[in-house]
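Q: predicted model, plus sequence, below.
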Amino acid sequence: MNEEKKIEVEVEIKKNLDKVWEFWTKPEHITKWNFASEDWLCPSAENDLKEGGKFVYRMEAKDGSFSFDFSGIYEEIKPKEKLVYKLDDGRMANIHFSEDDETTKVKEIFEAEENNSKEMQKDGWQAILNNFKKYAESEK
């Protein structure tokens, strides 16, 4: 991973690791949290959770003004510990999961793209992660 382009975001979730992993990896949950703000949604998610497997999350503005697929290929999977994937544009991302008592930390490290500022990208990824925390903590 290019160190100059590296961005990190993280969150602590008051939920055990088993549930956090389930909410992060199962499409029926991904569609309920994978957006940065209330004016966006994730109407579909596919996740072939294996090394060499592909994921595709559809991201859409609720007003229909913009949409895109967030997608890539898994390069490494250590269940309930680590995911490494390459996005379709060639950037790398790592997600680390760790549990301490009743809290699970999720840390994402990813390479910035060229079109938007690193700060804007960090804010966007952090917003999605915060949305994930809100969803995970509200689910049984």
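A: Alright, I've got the coordinates.
Q: same for the strand ranked longest in the chain, what does it pack against?
A: When the chain is parsed with DSSP state E, its longest strand is strand 67-78. Where contact means 3 or more CB pairs under 8 Å, 6 or more residues apart in numbering; DSSP states H and E, strand 67-78 is packed against strand 54-61, strand 82-87. In this view, the C-beta of every residue, glycine as well, is placed from N, C-alpha and C.
Q: off-centre distance for the helix or strand following the last one?
A: Toward the C-terminal end, the helix or strand that comes next after strand 82-87 (DSSP states H and E) is strand 92-100. Taking CA atoms, centre = their mean, to the nearest Å, one finds the center of strand 92-100 at 10 Å from the center of the full chain.
Q: now do strand 92-100, average pLDDT.
A: The average pLDDT within strand 92-100 is 97.
Q: partner residues bridging the residue lying closest to Asp88 once chain neighbours are set aside?
A: Nearest residue to Asp88, sequence neighbours excluded (CB to CB, 6 or more residues apart in numbering): Ser71, at 5.2 Å. For Ser71, the beta-bridge partners are Val56 (DSSP bridges).
Q: pLDDT at Ser71, what is it?
A: 97.
Q: just checking, it touches Tyr85?
A: No. The pair Ser71 / Tyr85 is not scored as a contact, 9.4 Å apart, by CB atoms under 8 Å.
Q: understood, closing this out.
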